[in-house]
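S.K.: dropping the sequence and predicted coords here.
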Amino acid sequence: MLKIKNIYKTFNANTVNEKRALSDLNLTLNKGDFVTVIGGNGAGKSTMLNAISGVWKPDYGTIEIDGVDVTNMPAFKRAALLCRVFQDPMKGTAPDMEIAENLAISARRGGKRRLVWGCTKGEREEYRELLKQLDLGLEDRLSTKVGLLSGGQRQAVTLLMATLVKPKLLLLDEHTAALDPKTAAKVLKITDKLVTENSLTTLMVTHNMHDAISYGNRLIMMHEGRIVVDVSGEEKKKLTIEQLLQLFEQGSGSAFTSDKQMLSK
Amino acid sequence: MGFINALPGAVAQGLIWGVMAIGLYISYKILNIADLTVDGSICTGACVCAILLANGVNVFLCLLIAFIAGALAGLITGIFHTAMGIPAILAGILTQLILWSLNLKILGKANLSISSRNHFVLLTSLNNPVAIAVSLLICVLIIVALFLFFYTEIGLSVKSTGDNEDMSEAQGVNVKFNKVLGLAISNGIVALSGALLAQYQGFADINMGRGAIVIGLAAIIIGLSVSLKIKPNFVVSLIGVVGGSIAYYLVYTFVIWLGLDTDLLKMLSAVVVAVFLAIPYLKKQYFTKPKLPSELDASAQVSGGEPNA
């Protein structure tokens, strides 16, 4: 479904601030994979998602989604293939527009936008049903401006938007990191439900090792712009945090430095 | 008595500038861009309309061509901004300067009279009741057209582009195209109001657009301060903006009647707009009531976080 081949990316090349963010990164995702991604700060997790979603072009290498080479495709065109949920709950929704209008915008992702009614009555009924499944009481607030919702509610709406048109690839960029623990757990539950129900191929970046282990069927760990640990299937199911740290030391060749954010359980 | 007599003229001018304010609303409120092109495009509309009328072109065709000319001006700003990466404000200033030269070329001289005695015009200051009726009708038509447009698939995506660009791009919206489209529509409407203004006052002048954005902003601020309290939806907002423009011209006429030095009027407008733009900020900085620990109750723990308006 996703094929990343030999991706390199260096920021501020040829200056004192030169930073090699991705270095010979290779990753292949199979259809239906739910992959969790962990790694310390600056390991290249978000950089990898930026490369996939087209924020900028990689210096070298190719990216393929569902057989389509997207390396040179502008971000808005890639949206037909993938959808991304950001860490900042403010980023995923338009605050001054109604919940229904936000959903209507994303329901047309990948299609051509025309001069016909942008949010029909029938659609609104459909959205009401979908919002009911979130169990946040949003089904009666279709006409509410999204800006009036809490961060957790907004993130839940964003997730729903991401799955309205089933993307070939769903990118979750620490999408629960800005929420309080209770809300984060709820949003994560909604995530799991939407991903498994729609069997979406998903990359979920997280800072929480516990979540990384308990969700998804495959886990990768990044270090200095490349993947150093890759476990899946039965092996992942039995994984413990201690084992994971051990794997990290073997894979990266360096001792695990106490990165507090990474250690959060 | 002089003030009462001047009222119909004030209303008519308010409605014509109301058209302009609606155009500005699209860039300023919907796209979230302070587009300075309007100072030039309103004049372009006036110049195009005047020169075509002087050459015997049908008045409706004049309006249409003025709209297209304004839309092209918006297109230039849009391309400067999106394709060339120039900040929106600068892009507008550049286009404005380009238009100043072009307007002179269009008009052929600094000032062209189009007296209603020699040309068929839709509205003139010599007949204010008709001028009010015509400009009101045009306001209504534009509001209806924009209402319909901004609820289409394209229109909604233009709205979301201004509201949250990241989100729009992530949802496959071509934000660059939408910005250009919005700026073109906005400036087209502004030029249309310029064309009406030229007919109303009976001439087009190379300097007539100077400070137009300030008048438009004043109309938007006055209008929204009322309409957002009544019902915060699109149509009510636009009606409010037109109302704000009329209110602006009523006050304008009133201070002139009071005998204020007309040289100072532009300064006064700018100061008023500056004060109104500052109010939300100052309110937040100095007049937000802190919530004391004793006032915190259980409700603070129930919600999943603070609302983000």
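M.R.: Looks like it arrived, so ask away. Because the structure is a prediction, the values reported are computed rather than measured.

S.K.: now residue 21, nearest residue through space, not along the chain?
M.R.: Looking at chain A here, since you left the chain open. Once flanking residues are discounted, A:A21 sits nearest to A:T47: 4.3 Å by Cβ to Cβ, 6 or more residues apart in numbering or on different chains. All C-beta atoms are positioned from the backbone trio N, CA, C, and that covers glycine.

S.K.: chain B is the one I meant
M.R.: Leaving aside its sequence neighbours, B:A21 sits nearest to B:A219 (Cβ to Cβ, 6+ apart; 3.8 Å).

S.K.: for the one you found, give me its contacts.
M.R.: Taking Cβ atoms under 8 Å, 6 or more residues apart in numbering or on different chains, we find B:A219 in contact with B:W17, B:G18, B:M20, B:A21, B:L24, B:V241, B:V242, B:G244, B:S245, B:A247, B:Y248.

S.K.: which element is it on?
M.R.: For B:A219, the host element (DSSP states H and E) is helix B:212-230.

S.K.: could you point out which element follows that helix?
M.R.: Using DSSP H and E, the first helix or strand after helix B:212-230 is helix B:234-257.

S.K.: tell me the angle that following helix makes with helix B:212-230.
M.R.: Calculated by axes from the mean of the first three to the mean of the last three Cα atoms, to 10 degrees, helix B:234-257 forms an angle of 120 degrees with helix B:212-230.

S.K.: residues in contact with helix B:234-257?
M.R.: With Cβ under 8 Å, 6+ apart, helix B:234-257 has contacts from B:2-3, B:6-7, B:9-11, B:13-15, B:17-22, B:25, B:29, B:139, B:143, B:146-147, B:150, B:215-216, B:218-228, B:230, B:262, B:265, B:268.

S.K.: so how many other residues sit close to the residue lying closest to B:A198 once chain neighbours are set aside?
M.R.: For B:A198, ignoring the flanking residues on the chain, the nearest one in space by Cβ to Cβ, 6+ apart is B:A46 at 3.8 Å. Neighbour count of B:A46, defined by other Cβ atoms under 10 Å in any protein chain shown: 32.

S.K.: same question, A:V187
M.R.: For A:V187, the number of neighbouring residues by other Cβ under 10 Å comes to 27.

S.K.: in a helix, it, correct?
M.R.: Yes: secondary structure of A:V187 (DSSP: H, G, I helix; E, B strand; the rest coil): part of a helix.

S.K.: residue contacts, it?
M.R.: The contact partners of A:V187, by Cβ under 8 Å, 6+ apart, come to A:G152, A:Q155, A:A156, A:L159, A:H175, A:T176, A:L179.

S.K.: okay if I get the residues you listed as JSON lines plus pLDDT?
M.R.: Shown next, in JSON lines, are the contacts of A:V187 (pLDDT from 0 to 100):
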{"residue": "A:G152", "pLDDT": "90"}
{"residue": "A:Q155", "pLDDT": "92"}
{"residue": "A:A156", "pLDDT": "92"}
{"residue": "A:L159", "pLDDT": "92"}
{"residue": "A:H175", "pLDDT": "92"}
{"residue": "A:T176", "pLDDT": "91"}
{"residue": "A:L179", "pLDDT": "87"}
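
S.K.: look at the residue nearest to B:A198 and report its pLDDT.
M.R.: Here the pLDDT value assigned to B:A46 is 97.

S.K.: in the stretch 51-200 of chain A, what residue comes closest to chain B?
M.R.: Chain B sits closest to A:A79 of the stretch 51-200 of chain A, with a gap of 3.2 Å, by Cβ to the nearest Cβ.

S.K.: state the helix or strand in which the closest residue in space to that residue that isn't next to it in sequence lies.
M.R.: Nearest residue to A:A79, sequence neighbours excluded (Cβ to Cβ, 6+ apart): B:G172, at 3.2 Å. No secondary structure element spans B:G172, as it lies outside all helices and strands (assigned by DSSP H and E).

S.K.: and if you look at the one 4 residues further on?
M.R.: When secondary structure is defined using DSSP H and E, the element that contains B:K176 is helix B:175-201.

S.K.: and that helix, what does it pack against?
M.R.: On a contact count with 3 or more Cβ pairs under 8 Å, 6 or more residues apart in numbering or on different chains; DSSP states H and E, helix B:175-201 meets helix B:2-25, helix B:38-54, helix B:59-82, helix B:128-149, helix B:153-163, helix B:165-170.

S.K.: what about the last one and chain A, touching?
M.R.: Yes: Helix B:165-170 comes into contact with chain A when judged by Cβ under 8 Å from any Cβ of the partner chain, the residues involved being B:D166, B:M167, B:S168, B:E169, B:A170.

S.K.: for these, which one is nearest B:T37?
M.R.: B:S168 (22.2 Å; Cβ to Cβ).

S.K.: how much space separates B:W257 from chain A?
M.R.: The gap separating B:W257 from chain A is 39 Å, by Cβ to the nearest Cβ, to the nearest Å.

S.K.: tell me how far the helix holding B:A219 lies from the chain's centre.
M.R.: Here helix B:212-230 is found 10 Å from its chain centre; the criterion is Cα atoms, centre = their mean, to the nearest Å.

S.K.: then stretch B:259-278?
M.R.: That offset, for stretch B:259-278, works out to 18 Å (Cα atoms, centre = their mean).

S.K.: any buried residues in that stretch, and which?
M.R.: Within stretch B:259-278, the residues that count as buried by 16 or more other Cβ atoms under 10 Å in any protein chain shown are B:S269, B:V272, B:V273.

S.K.: name the residues that touch it?
M.R.: Stretch B:259-278 has contacts (Cβ under 8 Å, 6+ apart) with B:R210, B:G211, B:V214, B:I215, B:L217, B:A218, B:I221, B:I222, B:S225, B:Y252, B:V255, B:I256.

S.K.: what's the ChimeraX line that selects buried ones from these?
M.R.: Selecting only the buried entries of these in ChimeraX, with 16+ other Cβ under 10 Å as the criterion:
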select /B:210,214,215,217,218,221,222,252,256
